[in-house]
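1. any chance you could fold what I've pasted below:
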Amino acid sequence: MSFAEEAEQELMRLMVQNRHSAFSRLEKSNQGESIVIKFLARHGKPTSPKHLAESLNLSSARIAVVLGSLEKKGQIERNMDPNDRRRINVTLTDCGKKAAKFQKKEMRDKIVKIFKLMGEPDTKQFIELTAKFVDYSQQISRKEEGDQ
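-> Have a look, this model is predicted:
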């Protein structure tokens, strides 16, 4: 087995072993509500449930449930598009914007704590290696798209 295959197995082992970590609990809490709120906050403009489902790789049924829950909590609004009455627009309310801001701060605080525990040299190396990993991943994706 090559070093790359061994590394992949170790990475997968670590991910499976730690799938119930604090980050996973935070991200999976509310069965997708968090990720929808973060997306809407980042997107910054009204969007359709279909666009949400496609962008977040969630089923339309899952999006419908999540949006219903967020609407009950007053964190989103669903309104008819004035230009196309068949289309629904989803927007964050002020309450939803506050929730997105809180979740972003909470995640940021956890990451900062981890980096402090790792120390500056390991953190810099981690960031450099992660950037390299992402770069190679993008290169492979561009190559695969070109092969199609």
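2. in this structure, where is pLDDT below threshold?
-> The model of the chain has pLDDT under 70 over residues 18-31, 148.
3. can you give me the strands for it?
-> 76-81, 84-92 (DSSP state E).
4. now find how far off-centre the longest helix along the chain is within its chain.
-> In the chain, assigned by DSSP state H, the helix with the most residues is helix 120-147. Mean C-alpha position of helix 120-147 versus that of the full chain (Cα atoms, centre = their mean, to the nearest Å) differs by 18 Å.
5. got the buried residues for that helix?
-> Neighbour counts over helix 120-147 (16 or more other Cβ atoms under 10 Å) mark no residue as buried. In this view, the C-beta of every residue, glycine as well, is placed from N, C-alpha and C.
6. now do stretch 34-44
-> S34, I35, V36, I37, K38, F39, L40, A41.
7. number of nearby residues for the closest residue to the last one other than its chain neighbours?
-> In this case it means A41. Leaving aside its chain neighbours, A41 sits nearest to A100 (3.6 Å; criterion: Cβ to Cβ, 6 or more residues apart in numbering). Counted with other Cβ atoms under 10 Å, residues neighbouring A100 total 20.
8. check contacts around A100.
-> Going by Cβ atoms under 8 Å, 6 or more residues apart in numbering, A100 touches I37, K38, L40, A41, L92.
9. what's the answer for G74, then?
-> Neighbouring residues of G74 by Cβ under 8 Å, 6+ apart: T93, C95, G96.
10. the last one touches V36, doesn't it?
-> No - G96 lies out of contact with V36 (Cβ atoms under 8 Å); the separation is 9.3 Å.
11. which neighbours do the two share?
-> Joint contacts of G96 and V36 (Cβ under 8 Å, 6+ apart) are L70, I76.
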